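> dropping a prediction and its sequence here:
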Amino acid sequence: MLKNKTALITGGARGIGRGIALKMAENGANIALVYRGSQEQANKTQLELTDLGVKAEIYQCDVADFDATKKLVQDVIKDFGTFEILVNNAGITRDKLLIAMKEDDFDAVINTNLKGAFNMTKHAGSHLLKKRCGRIVNISSISGMMGNIGQCNYSAAKAGLIGLTKSSAKEMALRGVTCNAIAPGFIKTDMTDALKPEIIEKILKNTPLNRFGSIEDIANMCVYLSSDLAGYITGEVIKIDGGLYI
């Protein structure tokens, strides 16, 4: 489905980003994988990708850094010649109740989760606009649509990402570039595995499908939105939440 295409994926070394990278590689895409922290984990994911028979390179970059993201895009073009897909997945959490949240807690999450997506969309988007084709997929969150206790910073960033998605979609449409967002609900990851049983019970009670989603649920939609099959879809926010927010 993505053969002969290259995907630039931020936050791709672990979790949902890793799952997206692997699923795209399974569908034939070459992968430019961006990470900020663990080089060991990034190296491991790179090996998994190359084992699938595609080209995969890793790049350490803090997406909150405007100049660093500009250089990142230039490096990817140098290494791959071009790319057709951008997935803005990089994100952090610093959960606290608003009354206890420090300014740095708010700024750090906004800078990575929202400004980071702006930085990447601006620099990578310029390349896609010149190509007159491309796909941008932003990983937002159901928290950006309905809010969540203890996540004023995260919810604000993810809500802002939805606005960025819609505006970018309108600006880029005439050049053949689509921009969509995925809003995951509760997905089974290391983070949700650490939740207390009573919290899990409450979440499942409010989720009509009565289960957590899988990373593959997100990855499958990301592949679809990045493919030629989704050429007439842009500016959409697709919830993958088991019916949590209906």
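Ah, there it is. Computed from a prediction, not measured in an experiment: that's the story for all the values here.
> report the separation between the residue lying closest to residue 215 once chain neighbours are set aside and residue 143.
With sequence-adjacent residues excluded and distances taken as Cβ to Cβ, 6 or more residues apart in numbering, residue 215 is closest to residue 19, at 3.6 Å. Every residue, glycine included, has its C-beta placed from N, CA and C. Residue 19 sits 19 Å away from residue 143, taking Cβ to Cβ, to the nearest Å as the criterion.
> and for the residue nearest to residue 215, the neighbour number?
Around residue 19 sit 22 other residues, with neighbours defined as other Cβ atoms under 10 Å.
> alpha carbons only: can I get the longest strand along the chain in CSV?
Longest strand of the chain, by residue count under DSSP state E: strand 177-184. Taking only C-alpha atoms (Å, rounded to 0.1, in the frame of the first residue of the first chain), the coordinates of strand 177-184 have been written out as CSV:
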residue,chain,number,x,y,z
VAL,A,177,-1.2,17.6,0.3
THR,A,178,-3.7,16.2,2.8
CYS,A,179,-3.6,16.7,6.5
ASN,A,180,-5.6,14.6,9.0
ALA,A,181,-5.6,13.8,12.7
ILE,A,182,-6.1,10.6,14.7
ALA,A,183,-7.5,11.0,18.2
PRO,A,184,-6.7,7.8,20.1
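> who's in contact with the following helix or strand past it?
As assigned by DSSP states H and E, the chain's next helix or strand after strand 177-184 is helix 190-193. Residues from elsewhere that reach helix 190-193 (Cβ atoms under 8 Å, 6 or more residues apart in numbering): 15, 186, 200, 212.
> swap in stretch 110-123?
Residues external to stretch 110-123 that are found in contact with it (Cβ under 8 Å, 6+ apart): 8, 10, 62-66, 69-70, 72-73, 86, 88, 90-92, 136, 138, 153-154, 156-158, 160-161, 164, 168, 179.
> just the buried members of the residues you listed?
Neighbour-count burial (16 or more other Cβ atoms under 10 Å) applied to the contacts of stretch 110-123 gives 8, 10, 62-65, 69-70, 72-73, 86, 88, 90-92, 136, 138, 153-154, 156-158, 160-161, 164, 168, 179.
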